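How does the following fold in three dimensions:
(chains A and B)
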Amino acid sequence: DTGVSQDPRHKITKRGQNVTFRCDPISEHNRLYWYRQTLGQGPEFLTYFQNEAQLEKSRLLSDRFSAERPKGSFSTLEIQRTEQGDSAMYLCASSLAVTGPQETQYFGPGTRLLVL
Amino acid sequence: DQQVKQNSPSLSVQEGRISILNCDYTNSMFDYFLWYKKYPAEGPTFLISISSIKDKNEDGRFTVFLNKSAKHLSLHIVPSQPGDSAVYFCAASLFSGTYKYIFGTGTRLKVLA
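Purely as a prediction, here's the structure:
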């Protein structure tokens, strides 16, 4: 197993266009998270899936953002009508549910989005 | 409302010496803490973690200390190596239906050869 993978690694788009990112988690992991990181900040939580169910969304996730995990494996994050403020690194992480709070998330390499 | 704070944006250490990275948090309900290392253009890589029921965890050159009364976390790297040069993030989690992490803003460590 090669860890969490994300595609594409880089995306440049024009304001107003739609973009979609893909995340493939570690194969046996049933939990999947999306985070966003901007310059000088730590990653910020966007949304969380357990299997195919989206269980939590941050208020950072405006209605232009939608995420899916249709078969409980890979996930997609779509941004509609992109704005320059959406420029960031989008990180995906996965984890295996354990009993108790000691659950470690493993991150992918991220997709860097630049909106012109 | 920054619940996890890393007040030192950067740190320089000589190779072979100890690096100490600090992290403060405000929410006493956090129950799990982690340190991640991040190289440019890569995702964060898990380094070491500690449960709130412990005060120390060690893994090779890396040791994490937790002082719950002070709401303070630190990462010690001994001996520091040039390959340790990266941005280090501390993160905390609180189970509230999910195990989402709250990250600090990072400390850039530079280990000088």
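
Please see if whichever helix or strand residue A:76 is part of touches chain B.
Assessed by DSSP states H and E, residue A:76 sits inside strand A:75-79. No. Judged by C-beta under 8 Å from any C-beta of the partner chain, strand A:75-79 makes no contact with chain B; its nearest approach is 14.5 Å. (Each C-beta comes from the backbone N, C-alpha and C, glycine too.)

Give me the phi and psi angles of the residue in chain B positioned nearest to chain A.
Per C-beta to the nearest C-beta, residue B:103 is where chain B lies closest to chain A, at 3.0 Å. Main-chain dihedrals, residue B:103, degrees, to the nearest 10: phi -100, psi 150.

got any ranges where chain B has weak pLDDT?
Applying pLDDT under 70 to chain B flags residues B:1, B:96-97.

So which bits of it are right by chain A?
B:4, B:31-32, B:34, B:36, B:41-46, B:49, B:51-52, B:89, B:91, B:93, B:95, B:97-106.

close to chain B, is the strand or helix carrying residue A:67?
Using DSSP H and E, the element containing residue A:67 is strand A:65-68. No. Strand A:65-68 lies out of reach of chain B by C-beta under 8 Å from any C-beta, never closer than 13.7 Å.

where does the spatially closest residue to the residue of chain B closest to chain A that is not a sequence neighbour land in three-state SS?
Distances taken as C-beta to C-beta, 6 or more residues apart in numbering or on different chains put residue A:42 closest to residue B:103, at 3.0 Å, once the chain neighbours are dropped. On the three-state scheme (DSSP: H, G, I helix; E, B strand; the rest coil), residue A:42 is labelled coil.

For chain B, give me its nearest residue in chain A.
As assessed by C-beta to the nearest C-beta, chain B sits closest to residue A:42 within chain A, at 3.0 Å.

which ones are touching residue A:68?
The contact partners of residue A:68, by C-beta atoms under 8 Å, 6 or more residues apart in numbering or on different chains, come to A:54, A:75, A:76.

Touching, the last one and residue A:24? I think so.
Right, residue A:76. No. With contacts counted by C-beta atoms under 8 Å, residue A:76 stays clear of residue A:24, the gap being 10.5 Å.

Between those two, tell me which one has more neighbours.
Legend: neighbour count by other C-beta atoms under 10 Å in any protein chain shown for residue A:76 and residue A:24, higher for residue A:24 (18 against 14).

Please name the bridge partners of residue A:20.
With DSSP bridges as the criterion, residue A:20 is bridged to residue A:78.

what's the residue of chain A closest to chain B in contact with, if anything?
Applying C-beta under 8 Å, 6+ apart, one finds that residue A:42 lies in contact with B:4, B:89, B:91, B:103, B:104, B:105, B:106.

and if you look at residue A:3?
A:26, A:106, A:108.

Look at the last one and say how many residues are nearby.
Applying the criterion other C-beta under 10 Å, we find 23 residues in the vicinity of residue A:108.

okay but residue B:34 is in contact with residue B:45, surely?
No. Applying C-beta under 8 Å, one finds residue B:34 not in contact with residue B:45, separated by 11.0 Å.

okay, these two: which has more neighbours?
Neighbours were tallied for residue B:34 and for residue B:45 using other C-beta under 10 Å; the higher tally belongs to residue B:34 (23 against 14).

Show me where chain A has its strands.
A:5-7, A:10-13, A:19-24, A:31-37, A:44-50, A:53-57, A:65-68, A:75-79, A:88-95, A:106-107, A:111-115 (DSSP state E).

now swap in chain B and tell me
B:4-5, B:10-14, B:19-25, B:32-38, B:45-51, B:56-59, B:62-67, B:72-77, B:86-93, B:101-103, B:107-112.
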